[in-house]
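Asker: I'll drop the sequence and a predicted model, then ask my questions.
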Amino acid sequence: MDRDGQLSILVVDDNPLNVKMLETPLAKEGYRIITANDGPDAREKAVLEHPDMILLDIKMPGENGFDVIKFLKNNASTASIPVLFLTGVSEINSKLEGFDLGAVDYITKPFHPLEVIARVGLHLKLSIATNSLIASQAEKLKQITEAQTSLLTTPDQHPKANFGVEYIALQEAGGDFYEVLPVSDEIYVYFIADFSGHDISTSYLTTSVKALLKQNCSPIYQPQESIKMINDVLVEILPTGKYLTASYVMLNKKKNQITIINAGHPPVCYIPVGGEPELIQLRGDVIGIFKDVLFGSRTIKVSKGDRFFLYTDGIIESSQKKIVWTEGADKILKACRVVKNIPIRHAPKKILEHICPDLTCLEDDIVILGFEV
Amino acid sequence: MDLKELGENLGLELDEFVEIVKLFVSTADSDIEKIKNAIWKKDAESASEAAHSLKGSAGNLGFMEMSDIALNAEKNASDNNLTGFEDVTKILTEKLNEVKSLLQKL
């Protein structure tokens, strides 16, 4: 995995067309693709780049795929990288020899890009599972004894994520949290959460959730799977009765689509470019209580200029006035309509000013996070 | 033959598929040229290798007719039989020209 969390795949084939046929769909899924057109080039790049997976053609002039895989499996720095080899339908001996040499699977030519994506995803998951991801994450997080400084991500850190945020913590141990995370060059995750209660070290929890997001938001997992894995770890480490509600949105600019996951959180507000705001109503369980959970999920095709706003319930609920978010959500729709022409970076602040002009009406922490496609 | 449909079958947008087809045209041209040279040199092994490459790349993109012709040529060349290969290269060139004209129409 790269420093930024992006998974990389080394594609090795002497035929430039095959390389392109593999590179195009996999890059679209968010993987970083490294290419090599012969054996020596493949060995050098495998050692230098240490990819998360290698797709290796067997039939190459000079040093063939078998020579390459022998080298990889005998080299400590590359031995654990899963190798999928590319072979012709009828080449049964090649398949057997490939498995003998340590390949995890094969893809027959001619291949279908969607099958390649599925196999690559499956074997990356298996590879990560082999490394006991969940267990090691839970163990590491349990060992955190000092709450680290939880830095909130700012729009300047990820300008291409094109977002704005308004964050107000009324108490020292604020229960609200947000994160904006690049999964790859054109894929971003926007996450907003609200911890139940304000009683324990929330900075410890927010740091844990921040780390979990970084570990589990990757092109190989569907958004549902990412949240499920985060839930599984939090079930292990959260104190009894502690939970969080959350909205998780993954934007894939290459596919022009977003996927929204709801975990017991107020609905995301969607404003199609030139259209009227609407609330994306989804039902889902909260995170951190149960192992068996169901989260609400919806995938929407989006266009450039479409906007989404995520927020915590503090902006629309009032225990004093006995307003719950299901009633108060109407305020969000109105406010989103008002800020339609305000640049996205400033829109969340304007929404807050519209709903609660002098901030005196706030009873809880507030986060409003907006982004524009 | 419809490039948009072939691309969609592979889960690719038209512009992505066109880029790949352009690359295919240049590699297929080179493969057909290699087969012609192999016929001239009576080099069945080289003819088989070039036909193998063309079979795979045409099959990957969904140009099945061309892929099937190349498959047959690969089998014959593997058996050291280059009989009728002039006609094979002629048909392959015609099929490739059809692809080229589809690209030009875009």
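Answerer: On my side now, so go ahead. Treat the numbers as computed from the prediction; the structure is a model and nothing was measured.

Asker: in the stretch 101-250 of chain A, what residue is nearest chain B?
Answerer: When distances are taken as CB to the nearest CB, the stretch 101-250 of chain A reaches nearest to chain B at A:Pro110, 3.5 Å away. Quick note: C-beta positions are derived from backbone N, CA and C, even for glycine.

Asker: which ones are touching that residue?
Answerer: Neighbour list for A:Pro110: B:56, B:59-60, B:67 [criterion: CB atoms under 8 Å, 6 or more residues apart in numbering or on different chains].

Asker: got it, and B:Ala58?
Answerer: Neighbours of B:Ala58 in contact, by CB under 8 Å, 6+ apart: B:24, B:28, B:64, B:66-67, B:70.

Asker: spatially central, which residue of chain B would that be?
Answerer: Chain B has B:Leu54 as the residue nearest its centroid, 4.2 Å off, counting by CA atoms, centre = their mean.

Asker: look up phi and psi at it.
Answerer: According to degrees, to the nearest 10, the main-chain angles of B:Leu54 amount to phi -70, psi -40.

Asker: tell me which residues are up against stretch B:92-103.
Answerer: Applying CB under 8 Å, 6+ apart, the external contacts of stretch B:92-103 come out as B:1, B:3, B:18, B:21-22, B:24-25, B:28-29, B:32, B:35, B:54, B:63, B:65-66, B:69-70, B:73.

Asker: quick one: buried ones out of these?
Answerer: Buried members of the contacts of stretch B:92-103, scored by 16 or more other CB atoms under 10 Å in any protein chain shown, are B:3, B:18, B:21, B:24-25, B:28, B:32, B:35, B:54, B:63, B:66, B:69-70, B:73.

Asker: and chain A, which of these contact it?
Answerer: B:Phe24 (CB under 8 Å from any CB of the partner chain).

Asker: flag the least confident of the buried ones among the contacts of stretch B:92-103.
Answerer: On pLDDT alone, B:Leu3 ranks lowest of these, at 90.

Asker: how many neighbours does the closest residue to that one other than its chain neighbours have?
Answerer: Nearest residue to B:Leu3, sequence neighbours excluded (CB to CB, 6 or more residues apart in numbering or on different chains): B:Leu102, at 5.5 Å. Using other CB atoms under 10 Å in any protein chain shown, B:Leu102 is surrounded by 15 other residues.

Asker: what confidence value was assigned to B:Leu102?
Answerer: 91.

Asker: where do the helices sit along chain A?
Answerer: A:16-28, A:39-49, A:65-73, A:92-100, A:113-130, A:133-142, A:202-216, A:223-237, A:325-338, A:347-355 (DSSP state H).

Asker: need the ones you listed in a markdown table (columns: mean neighbour count and mean pLDDT).
Answerer: Below are these laid out as a markdown table (neighbours: other CB atoms under 10 Å in any protein chain shown; pLDDT from 0 to 100):
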| stretch | mean neighbour count | mean pLDDT |
| --- | --- | --- |
| helix A:16-28 | 21 | 91 |
| helix A:39-49 | 17 | 95 |
| helix A:65-73 | 20 | 91 |
| helix A:92-100 | 15 | 81 |
| helix A:113-130 | 17 | 85 |
| helix A:133-142 | 15 | 58 |
| helix A:202-216 | 21 | 76 |
| helix A:223-237 | 20 | 85 |
| helix A:325-338 | 17 | 78 |
| helix A:347-355 | 21 | 88 |
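
Asker: and the stretch 101-250 of chain A, which residues reach chain B?
Answerer: Residues of the stretch 101-250 of chain A found near chain B (CB under 8 Å from any CB) are A:109-114, A:117.

Asker: swap in 6 Å and give it another go.
Answerer: Taking CB under 6 Å from any CB of the partner chain as the criterion, the neighbours of chain B within the stretch 101-250 of chain A are A:109-110, A:113-114.

Asker: ok, now how distant is the residue positioned nearest the centre of chain A from A:Gly370?
Answerer: Chain A has A:Cys217 as the residue nearest its centroid, 2.7 Å off, counting by CA atoms, centre = their mean. For A:Cys217, the distance to A:Gly370 (CB to CB, to the nearest Å) stands at 20 Å.
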